[in-house]
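Visitor: fold the following for me, if possible:
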Amino acid sequence: MKNILITGASGFIGSFLVEEGLKQGFQVYAGIRKSSSRGYLKDDRIQFLEFDFSTREKILVTLEDCRKNNIRFQYIIHNAGLTKAQKKEDFYNVNCRNTVHFIEALIQAEMVPEKFVFVSSLAAYGPGNPFTGEPVRLADEPKPIELYGKSKLDAERYITALRDFPWLIIRPTGVYGPKEKDYFVFFQTINRGMEPYIGFKKQILTFIYVRDLVRVIYLALASSHVNKAWFASDGKEYPSELFAQITKKALGKKTVKFTVPLFLVKTIATIGEHVAGLWGSTPTLNTDKYNVLKSTNWRCEVEPLEKDLGFKAEYDLEKGVAETLEWYKREKWL
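Guide: As a prediction, the model looks like this:
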């Protein structure tokens, strides 16, 4: 039985990675913080490891304990990270610096795995050209437009510069599914009969259902590939209106449509960020988020992923949203 370490195991994507690892017969080690909830990690087969990624020395303490107990990891999926932060510097500290600490500790402890998968994001490259409508491609120069994406790109650049380190990088587009909390706000808004749009230009979105993303990651582990990166989506493109239509149909709701002009969103974001900055925090709607909301082209190249890993999405948006909403209702989120 091979050992797999999954960091960020207690979160949305991490809990699905743990579930799939158990299903595939791995001995799963769930890397979590001391303060992490274990609510989604109830299986008795899971082994827990508490990590503090803030310094290399603290990580080494955990790794040395593993060595003493003859625990080595054939595979590591580094999924721990921040998508939202109270302070802007937290994005870099958690998504990049902590990744550097982790890899340095693995090298120092002589515990480099057979494969190390870094879960990055399409945000590391930014949106596609708004004028040509061309998708973001692997050969493109990265142009992240938010701190989250920049921090993921910084981590990628460190990883890809390493010598003799068996990395793989997965850059998913928008990930949704049961337990997810950001798209849940949109579903909740539709459920309340409101259908908001930001700006008057048509926006093209791409998505990947969480179970499909997990399949991509395990296909990458099982493949012969190393030192490669891919974008991951379900291979389809969705106008923002279609996302709303699919959700309304699944919920059986009628809505009131309205559009908030970009200048108003930017004004609110700027003022909110200034006020929150007085307390050293960052509001949910900030200038970074505004840059994402105004971007109209989130297409990405998925042909290399399909060719290299033989991946075909099992979920399109309609099937994925239906399953997600069923979970929200069952768990009384909606």
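
Visitor: and for the closest residue to residue 313 other than its chain neighbours, the neighbour number?
Guide: Closest residue to residue 313 apart from its sequence neighbours, by Cβ to Cβ, 6 or more residues apart in numbering: residue 234 at 3.8 Å. No exception for glycine: its C-beta is placed from N, CA and C like everyone else's. Using other Cβ atoms under 10 Å, residue 234 has 23 other residues around it.

Visitor: how long is stretch 171-183 end to end?
Guide: By Cα to Cα, to the nearest Å, the extent of stretch 171-183 from end to end equals 18 Å.

Visitor: so how far is residue 39 from the residue of the chain most remote from its centre?
Guide: Distance to the chain centre peaks in the chain at residue 68, reaching 32.7 Å (criterion: Cα atoms, centre = their mean). Distance, residue 68 to residue 39, by Cβ to Cβ, to the nearest Å: 30 Å.

Visitor: which stretches of the stretch 101-250 of the chain form helices?
Guide: Using DSSP state H, counting those that start in this stretch, the helices found in the stretch 101-250 of the chain span residues 147-160, 182-191, 210-222, 240-251.

Visitor: adding distance to residue 276, mean neighbour count and mean pLDDT, write the ones you listed out as TSV.
Guide: Formatted as TSV, the helices of the stretch 101-250 of the chain follow (distance: least, Cβ to Cβ, whole Å; neighbours: other Cβ atoms under 10 Å; pLDDT from 0 to 100):
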stretch	distance to residue 276	mean neighbour count	mean pLDDT
helix 147-160	14	22	98
helix 182-191	18	16	96
helix 210-222	30	21	98
helix 240-251	27	17	96
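
Visitor: my guess is residue 24 meets residue 219, correct?
Guide: No. Between residue 24 and residue 219 there is no contact under Cβ atoms under 8 Å: 11.0 Å.

Visitor: mind checking what secondary structure residue 323 has?
Guide: The three-state assignment at residue 323 reads helix, by DSSP: H, G, I helix; E, B strand; the rest coil.

Visitor: pLDDT below threshold where in the stretch 1-150 of the chain?
Guide: Flagging of the stretch 1-150 of the chain using pLDDT under 70 yields an empty set of residue ranges.
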